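Novice: From the sequence below, what's the structure:
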Amino acid sequence: MWPAADFGGFSTNVDASGGFFKNFPAADSKKTMSSRGVIPCTCAEISSATQDGDKFVSSTGIHFSQVTLLGVVRSVNESSTRFDYEVDDYTGPSILVKQFVDDEDPSAEHGGSRAVRELTYVRVYGHVRSFQGTINVVAFKVVPVTDMNELTCHILEIIYARMIHAKSNNNANVTDMSSRDVPMNPVTNIRGLSILQSQVLSCVRAAIDDDGITVAQICEKLRGVPERQIRDELDFLSAEGHVYSTVDDNHFRVTEK
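Specialist: Numbers count the residues shown, from 1 in each chain. Model (predicted):
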């Protein structure tokens, strides 16, 4: 899919965690990764995964049920109730993404009632499902990618998630009980959130101004992440009750610290 040694100027030998791997506690890797909510994945990982109850397991042992993937739309099949996309990210077989039409929410943010065109790069959020032995993704959000920096960000999130998984596996084999007393990093220990969502929430939580933190300030802290993606994560965190807007749509505070 992408050269293994160089991802948009970032080397896989570089600590992509932004310092968040330090003091990562020993934990069961299955619980650690499955608690992260939406897992960044490639098409190859999804298509080769095996089912384990209501979740799926990748070849590297990562458990997931909700994923986000980024690729190009190879084909579109429209019906009155659903859009079927063939999404390809060049890592392996393409993935069938099913998006059901929501006539009550025609906003572009959620795809609306208009299908994405072929050869468009999209970011997909959805649930992994298996039907008659074929794995697909039922999307709750399909968004065209307008800033290709998002591709680099997605690659780094995939690398980061796998590094966490590998590190938690190594730590699980260590019998030093003192590791239980190590404080958990607040960025990597927010249950049900993706890595980027946790980072955005951490930025909002650190705000000291009464009006909260601005979107521009979050962009400054998370350099390289497109503003649109940060706003998407803020919308998600707001809908989940973690943050709220204050004086306007550009200022946010946490609901509770």
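
Novice: I figured F236 was touching Q197, is that so?
Specialist: Yes - in this structure, F236 is within contact of Q197 by CB atoms under 8 Å, at 6.4 Å. (Glycine included, C-beta is placed from N, CA and C.)

Novice: Break down the stretch 1-150 of the chain into its strands, ranges please.
Specialist: 38-40, 50-52, 55-57, 63-64, 66-78, 82-88, 95-100, 121-131, 134-144 (DSSP state E, counting those that start in this stretch).

Novice: most neighbours per residue, which of those?
Specialist: strand 38-40 (a mean of 24; mean count of other CB atoms under 10 Å).

Novice: what sits up against that one?
Specialist: Outside strand 38-40, the residues within contact range by CB atoms under 8 Å, 6 or more residues apart in numbering are 33, 62, 64, 66-69, 125, 154, 157-158, 161, 193-195, 197.

Novice: Identify the residue with the minimum pLDDT among the residues you listed.
Specialist: Lowest pLDDT within those is found at M33 (40).

Novice: quick one: the residue nearest to S130 when sequence neighbours are not counted and I159, what's the gap?
Specialist: Nearest non-adjacent residue to S130, counting by CB to CB, 6 or more residues apart in numbering: Q51, 5.5 Å away. In this view, Q51 and I159 are 25 Å apart by CB to CB, to the nearest Å.

Novice: same check, this time on I218
Specialist: From I218 to I159 the distance is 22 Å (CB to CB).

Novice: now swap in D52 and tell me
Specialist: 24 Å.

Novice: Now the strands of the stretch 1-150 of the chain in a markdown table, please, with extra columns for distance to T214.
Specialist: Shown next, in a markdown table, are the strands of the stretch 1-150 of the chain (distance: least, CB to CB, whole Å):
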| stretch | distance to T214 |
| --- | --- |
| strand 38-40 | 25 |
| strand 50-52 | 42 |
| strand 55-57 | 37 |
| strand 63-64 | 33 |
| strand 66-78 | 25 |
| strand 82-88 | 34 |
| strand 95-100 | 32 |
| strand 121-131 | 24 |
| strand 134-144 | 23 |
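
Novice: Now do the contacts for E240.
Specialist: If you count contacts by CB under 8 Å, 6+ apart, then E240 has G192 around it.
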